[in-house]
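Peer 1: quick one: sequence plus predicted model below, questions after.
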Amino acid sequence: MNIEEKIKEILSLPSETEWVEFKVNNANPAEIGEYLSALSNSASYHEKDEAYLIFGIEDETYQIIGTTFQPKKEKIGNQELENWLATQLFPKIDFRIHELTINEKQVVAFVVDATRNIPVRFKGKPFIRIGSYKKNLDDHPERERKIWNKSNRYLFEKEIAMSLVDSDVVLSLIDYSGYFELTRQKLPENQTGILARLEQDKIIVKRNLSQYDITNLGALLFAKNLDQFEFLSRKSPRIIVYEGNNRIKAKREQVAKKGYAVGFEELVKNVNDWLPSYEEIGVALRQEVNSYSPLAVRELVANAIIHQDFLATGTSPMIEIFDTRIEITNPGKPLIPTLRFIDHSPESRNEMLAGFMRRLSICEERGSGIDKVILECELHQLPPPNFGEGDNYTRITLYAARTLGQMDKQDKIRASYQHCCLKVVSGELMSNQSLRHRFNIEEKNYPTVSKIIADTIEAGLIKIYREENKAKRYTKYVPWWF
């Protein structure tokens, strides 16, 4: 079927679809780029092979009225429009521009392939069609998940960080001794054996008799210095310590240059060393006690590394330390709602990376890391962590110790909900008694906890397990999703 026949077929559809957009003369280059992103993503979502941006057709009437737009003559600076658009789309997708005449009217059609791997971004932002509107895909995680879950999807970890390098260069860039130590393998006696093992684990790919490509997976995990890999240099985790509780003045800053696997223990140690502590006086001696659970910090740093969106430009995992809190941020909106972090198996953008880090015992088995963070906060009588998100980031905040009286209403509600979730995933149910224990409240003060539970129910986060004529102190509760 040629393009003219295809356009006539599209015009016979009952209404404008999410993988077709009609325009007349509105030919703003940036808007075209956004539509190519949106249409490619929508075609993937709807299981179509292609999507269409067609100029010269009125979208309300489907009438062919013609266009004055001539894309092959358009330029952005000294660059042809077609080439400029191609450079702004990632991953690279094929699109074709057709200029034709139908019923003596000039028509222009952009035919763009459906993405088969990850959402297509224009200038770093992904778009999608919702009904007849172009929307930011970040605001529709359920559609983004479906695109990510396509078979034969693009894997960032398999892409090439550095190509056609000699074997000696590979061994100068990759911390191969750290690789063998972490994977608990004996170091081979010669270079050939070392390279064969690295190739087996997809750290490198052999290109010819003497040259190799280093994969993103290999560089991210085992680079001696990520700065030596141009695109990955901005993916190094950063630690920043601020004076006070705002970002006005930074006291210390460090960028972790080593690959995530070989540099992880050093990264976590630096974070814990920089965290505030307090002096606890025991019966016979004094000792420094961390203000935060080291295990919770470890889990969240690993979580930020694993779940980051590597296609977000100019940003990296960040650990920001304030006087009374620590914020751990990774690029990319979460693929599951933040309220479901505790019970839900995580959906990772980077499954190869996550699988390798689990293999190295750097992170927990699937789904247990956040549960452990919540449990650690409860065991240390710390305020509940806060799971937040922004336009293109996920942030988890840990708080230093506060008394119940120092916690605000939202802190108490969040603690109640998280405790309820933790109980369910542990095969138990929350009660007034279990929540009293979480807050370290004496039994005689159970009405205080009853008020917190009532506020959490009013917020729609928990519900009574079974309506029975029992005293409130014996009632069981479950999360809203149970």
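Peer 2: Nice, thanks for sending it over.

Peer 1: so where's the stretch 51-200 of the chain shaky on pLDDT?
Peer 2: Scanning the stretch 51-200 of the chain with the threshold set as pLDDT under 70 gives 117, 150-154.

Peer 1: now do the strands in it.
Peer 2: Assigned by DSSP state E, counting those that start in this stretch, the stretch 51-200 of the chain shows strands spanning 75-76, 79-80, 89-90, 95-102, 105-113, 121-122, 125-130, 133-136, 160-166.

Peer 1: buried residues in the fourth one?
Peer 2: What it means is strand 95-102. Buried residues in strand 95-102, defined by neighbour count with 16 or more other Cβ atoms under 10 Å: 95, 98-99, 102. No exception for glycine: its C-beta is placed from N, CA and C like everyone else's.

Peer 1: just these now: which is nearest L404?
Peer 2: Checking the buried residues of strand 95-102 against L404 with Cβ to Cβ, the nearest one is F95 at 58.6 Å.

Peer 1: hang on, the closest one packs against F110?
Peer 2: Yes - applying Cβ atoms under 8 Å as the test, F95 and F110 come out as touching, 5.8 Å apart.

Peer 1: shared neighbours of the two, which are they?
Peer 2: Here F95 and F110 have L36 as joint contacts, going by Cβ atoms under 8 Å, 6 or more residues apart in numbering.

Peer 1: list the contacts of Y417.
Peer 2: 339, 456, 459, 461-462, 479.

Peer 1: give me the subset of those that lies in helices.
Peer 2: The helices, defined by DSSP state H, take in T456 from those.

Peer 1: for the contacts of Y417, which one is nearest F264?
Peer 2: Nearest to F264 among the contacts of Y417, with distances taken as Cβ to Cβ, is L339, at 28.6 Å.

Peer 1: where does the closest one land on pLDDT?
Peer 2: What the model reports for L339 is a pLDDT of 91.

Peer 1: same deal with V289?
Peer 2: In this model, V289 is scored at 60, pLDDT.

Peer 1: among the strands of the stretch 51-200 of the chain, which is nearest E58?
Peer 2: Ranking the strands of the stretch 51-200 of the chain by proximity to E58 (Cβ to Cβ) places strand 105-113 first, at 11.0 Å.

Peer 1: against which helices or strands is the closest one packed?
Peer 2: When contacts are defined as 3 or more Cβ pairs under 8 Å, 6 or more residues apart in numbering; DSSP states H and E, strand 105-113 packs onto helix 3-11, helix 29-45, strand 50-55, strand 95-102.

Peer 1: list the strands paired with the shortest one, with their directions.
Peer 2: Just to be clear, that refers to strand 50-55. strand 20-23 (parallel), strand 105-113 (antiparallel) (DSSP bridges).

Peer 1: contacts for that strand, please.
Peer 2: By Cβ under 8 Å, 6+ apart, strand 50-55 touches 6-7, 10, 19-25, 27, 32, 35-36, 39-40, 42-43, 67, 69, 107-114.

Peer 1: ok, of the residues you listed, which come out buried?
Peer 2: Counted by 16+ other Cβ under 10 Å, the contacts of strand 50-55 give 6-7, 10, 19-24, 27, 32, 35-36, 39-40, 42-43, 67, 69, 107-114 as buried.

Peer 1: so where does R436 fall, helix or strand?
Peer 2: helix 432-439 (DSSP states H and E).

Peer 1: how about that helix: buried residues?
Peer 2: For helix 432-439, by 16+ other Cβ under 10 Å, it's 432, 434-436, 438-439.

Peer 1: cool, and stretch 202-215?
Peer 2: Those buried within stretch 202-215 under the rule 16+ other Cβ under 10 Å are 203-204, 212-215.

Peer 1: still on that earlier bit, adding distance to P331, write the strands of the stretch 51-200 of the chain out as TSV.
Peer 2: Output for the strands of the stretch 51-200 of the chain, formatted as TSV (distance: least, Cβ to Cβ, whole Å):
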stretch	distance to P331
strand 75-76	27
strand 79-80	28
strand 89-90	14
strand 95-102	27
strand 105-113	26
strand 121-122	13
strand 125-130	13
strand 133-136	15
strand 160-166	18
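
Peer 1: count the residues that sit near F222.
Peer 2: When neighbours are defined as other Cβ atoms under 10 Å, F222 has 27 of them.

Peer 1: isn't it up against E181?
Peer 2: No - using Cβ under 8 Å, F222 is not in contact with E181, being 10.8 Å away.

Peer 1: who's the closest residue to E327 other than its chain neighbours bridged to?
Peer 2: The shortest distance from E327 to any non-neighbouring residue, by Cβ to Cβ, 6 or more residues apart in numbering, is to E320 (4.5 Å). For E320, the beta-bridge partners under DSSP bridges are I240, E327.

Peer 1: wait, E320 touches A304, no?
Peer 2: No - between E320 and A304 there is no contact under Cβ under 8 Å: 11.3 Å.

Peer 1: the two: who's more crowded?
Peer 2: Set E320 next to A304 and count neighbours by other Cβ under 10 Å: A304 wins out with 23 against 19.
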